[in-house]
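Participant: Need coordinates for the below:
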Amino acid sequence: MTPHLRQSPLPALVLVALLVLSGCSAVTDLAGEESPALPSGQEAVEGYRSFDTVRATTLTTVAKGNTTETTENTTVRRARVVQRPSTGDSWSETLAPENRSGDLVVSNESVTWSYDASEDSANRIDASQFDSAEDGYPEYVRRLFDAVGGESAPESVGVSPLPMVPGTPTPPARANGSMGRQTVEYEGTATVDGRRTHVLHLTPRENSGSFAVLNQTVYLDAEHFYPLRQRMAYRLDGNVTTYSVTYRNVTFDPDVDRNRFRFDPPAGTNVTETALPTSTTYDSLDDLRANASTTVPDPSVPEEFSFAQARRTVSTERNYTSVSLTYENDSGMLSVTTHDTTDLYTGTAEGENVTVGSATATYREFGTVRTVGWACAGSYYAVSSDVVSRATLLEVARSVSCDAPSRNATAR
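Facilitator: All right, here's what the predicted structure looks like:
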């Protein structure tokens, strides 16, 4: 799994974490060379969509430290990977450490296999009934370059971008901007694995809370805008961890065997099965309401947000149905989710108690994401965003509370 593939059934927090990692291989400044013009967000999107498949060797390093970032232990993983971002297909074989050598993770649109070579065991995740979200990485890249290029919506730009001078040698004039609750800085160009990359550094405006992203750096291929090097430093319960990934021996659009993204376990392998909920996405609220059997919220969101997508998820194993609505603006997203049970959220992490209507809700911050959740009349509600203020988040929450039934539409 990589941060830039279409969302897969693998854990969402892993996807989020990998989105902004960076590694430590041969990366050099292009001193003395003419710097390319700063790409626009649309040019970055077009570059990313100009290839189908990428093959590489990855080096992943996780360095765990204490509050002073003093490294206490480090783990390193090297792997061969083949990825097709537009479909979510991926193949990864671990090369090191030795005790994990030969392990495989193979994903396609219907199934994900994880194979433990030393134990000769495999886990199969059936994703055929899970309607994966579209690849969101092109939009992420667009926002990055729009932020440093000065094309973000005025309310999202916290630092005025500096002008780019054509033909300026490296290091070029830096450009700053903001994307949601992160400040984005363009740091010029560098080479990774012999390829020119654009270097962007992201710093959250706030880093309080038990979990906080401290900084992120990403090196995007100058032709295809695929991340060849990524790094993230974050703090969890007072301890700082640096997570980095570097791509080497990179080939775009290699010849790939048509069976590369399939896996047949060896004879005698112990195979276990993991069932995913049935999940369906909808491009309109009317379509969702026509197919859902639960109440569909009708939140009051800020005017600059527009509806992007809805999702209905049904789990027969855990006996719940959830409905999630996603809204977007030029800087980020806002989501509203309802679950027809509160059992899944008993004993959740601590946070700040706030009032939402007549209910007591819990407000939390996870890195740049703010979220508020509460139980009411046997259901659980949650509102989250990586861009709106705390006050706005709570306003949206109150518009879908049990005290605002007139704004919630019951599906047929």
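
Participant: can we go C-alpha only for contacts and neighbour counts from here?
Facilitator: Fine.

Participant: Give the residue spans of the stretch 51-200 of the chain that score low on pLDDT.
Facilitator: 66-72, 131-135, 150-180 (pLDDT under 70).

Participant: Show me the strands in it, by range?
Facilitator: Assigned by DSSP state E, counting those that start in this stretch, the stretch 51-200 of the chain shows strands spanning 54-65, 71-84, 89-96, 104-107, 111-116, 121-126, 175-179, 182-192, 195-204.

Participant: mind listing what's buried in the third one?
Facilitator: Using 16 or more other CA atoms under 10 Å as the test for burial, strand 89-96 gives Asp89, Ser90, Trp91, Ser92, Glu93, Thr94, Leu95.

Participant: Show the contacting residues for the fourth one.
Facilitator: Read that as Ser92. Ala79, Arg80, Val81, Val82, Leu104, Val105, Val106 (CA atoms under 8 Å, 6 or more residues apart in numbering).

Participant: Now do the biggest helix by length in the chain against strand 182-192, angle only.
Facilitator: In terms of residue count, the longest helix belonging to the chain (DSSP state H) is helix 137-148. An angle of 110 degrees separates the directions of helix 137-148 and strand 182-192 when computed by axes from the mean of the first three to the mean of the last three CA atoms, to 10 degrees.

Participant: Dump stretch 282-294 to CSV, keeping only the CA atoms.
Facilitator: This file holds the C-alpha atoms of stretch 282-294, laid out as CSV (Å, rounded to 0.1, in the frame of the first residue of the first chain):
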residue,chain,number,x,y,z
TYR,A,282,-22.9,7.7,-4.3
ASP,A,283,-22.4,10.9,-6.4
SER,A,284,-25.6,12.5,-5.2
LEU,A,285,-27.6,12.7,-1.9
ASP,A,286,-30.8,11.7,-3.8
ASP,A,287,-29.2,8.4,-4.9
LEU,A,288,-28.1,7.7,-1.4
ARG,A,289,-31.5,8.4,0.0
ALA,A,290,-33.1,6.1,-2.6
ASN,A,291,-30.9,3.2,-1.4
ALA,A,292,-30.3,3.8,2.3
SER,A,293,-32.6,2.4,5.0
THR,A,294,-31.3,4.8,7.7
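
Participant: Can you list the buried residues in the longest helix of the chain?
Facilitator: Counting neighbours by 16+ other CA under 10 Å, one finds that the buried residues in helix 137-148 are Tyr137, Pro138, Tyr140, Val141, Arg142, Arg143, Leu144, Phe145, Asp146, Ala147, Val148.

Participant: Roughly how far does the fifth one sit from Val387?
Facilitator: For Arg142, the distance to Val387 (CA to CA, to the nearest Å) stands at 16 Å.

Participant: Could you do the second one as well?
Facilitator: The spacing between Pro138 and Val387, counted by CA to CA, is 18 Å.
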